[in-house]
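In: Turn this into a model:
(one chain, ligands or ions: 1)
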Amino acid sequence: MTEIPSEPIQNTNTEIGNYLDNILNYYNHELLDTPLKTRCLIVLNPKVGKDGLFIPKKWTDGDSGSIHEIQVNPKCLEQEIVLHSVIARNLIFAWQFENSNFTRVAYLNAEGVKLMEDAGLPPTSTGEPGGDKIGQGKTYYIAKEGKFAGLFNSYKGITCKYKPAPKNERLSKAKVYGSKYKCECGNYADSKSGSSYICGICKINKNKEVFMKEEKKEKPISKPVKIL
Ligand SMILES: [Zn+2]
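Out: Predicted structure coming up:
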């Protein structure tokens, strides 16, 4: 077996992990009424529907107890204030879970609305002020003069140089994933992006030329967090 060098040359995971832990600890102590008793593990997940998600007690250390999971869409690393707000927002869910009245994952109840408003992250269904606040999968915006914005401006923790590369520096999605075309009849085809395909099944069964539609594989964040 090859020995692992004591001075790691690949320390990207450590650097990103330290950066995320720094943010987590900061808002855990400065934003919440009382710090969480349970640790949280931040998992970068490009498939998380919203910008982030809190899942209680998803992990164990195999010994003394459970650890919560906070999923963060890696796109949030593109804008530091958004990343901070996603972590802060999900810490509020975690606080609710531990201390009071948590309903279920991604569901904001009346108490949660009040906690978020007090934190300067008012909930909204539209991404703009107003809109429905209570319910499943609500988003929020960052209030310019709110508590969170003040804390963000005072943050002196480590920063992070890593973020997803801009689109023009990445391989095209078709190169990475291939792409799938789907017909109205349910027939699939794997193919290169940018071409058009006629469904062979429809041609045989219905003697009809039907163009297949390309399926998008990467979902964008539905309502990006704004500073208002
Ligand atoms: Zn077809």
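In: next one: stretch 22-30 to chain centre, how far?
Out: 18 Å (Cα atoms, centre = their mean, to the nearest Å).
In: near the ion, which residues of this protein?
Out: When proximity is defined as Cβ under 5 Å from the ion, the chain approaches the ion at 183, 185, 187, 199, 201-202, 210. (C-beta placed from N, C-alpha, C; glycine too.)
In: Dump those to TSV, plus pLDDT and secondary structure.
Out: Putting the residues of the chain next to the ion into TSV (pLDDT from 0 to 100; DSSP: H, G, I helix; E, B strand; the rest coil) gives the following:
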residue	pLDDT	secondary structure
Cys183	89	coil
Cys185	90	coil
Asn187	88	coil
Cys199	90	coil
Ile201	89	helix
Cys202	91	helix
Val210	88	coil
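In: out of those, which are buried?
Out: Among those, the ones that count as buried by 16 or more other Cβ atoms under 10 Å are 183, 187, 199, 202, 210.
In: okay, now the domains of the chain?
Out: 12-154, 171-212 (automatic domain parsing).
In: in this structure, which ranges drop under the pLDDT threshold?
Out: 1, 4, 8, 174, 192-194, 216-222 (pLDDT under 70).
In: quick one, helices of it?
Out: 12-30, 80-99, 110-118, 147-154, 173-177, 200-205 (DSSP state H).
In: Test my guess that Arg89 contacts Tyr140.
Out: Yes: contact criterion Cβ atoms under 8 Å: Arg89 and Tyr140 qualify, at 6.2 Å.
In: any shared contact partners between the two?
Out: 116, 121 (Cβ atoms under 8 Å, 6 or more residues apart in numbering).
In: follow-up on the earlier one: which one among the residues of the chain next to the ion gets closest to Lys114?
Out: The nearest member of these to Lys114, counting by Cβ to Cβ, is Cys183 at 49.3 Å.
In: Just send the domains of the chain back as a markdown table, with distance to Cys160 too.
Out: Shown next, in a markdown table, are the domains of the chain (distance: least, Cβ to Cβ, whole Å):
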| stretch | distance to Cys160 |
| --- | --- |
| domain 12-154 | 4 |
| domain 171-212 | 23 |
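In: Just say which of these is most tucked in.
Out: Comparing those by mean neighbour count (mean count of other Cβ atoms under 10 Å), domain 12-154 ranks first with a mean of 17.
In: Cool, thanks, talk later.
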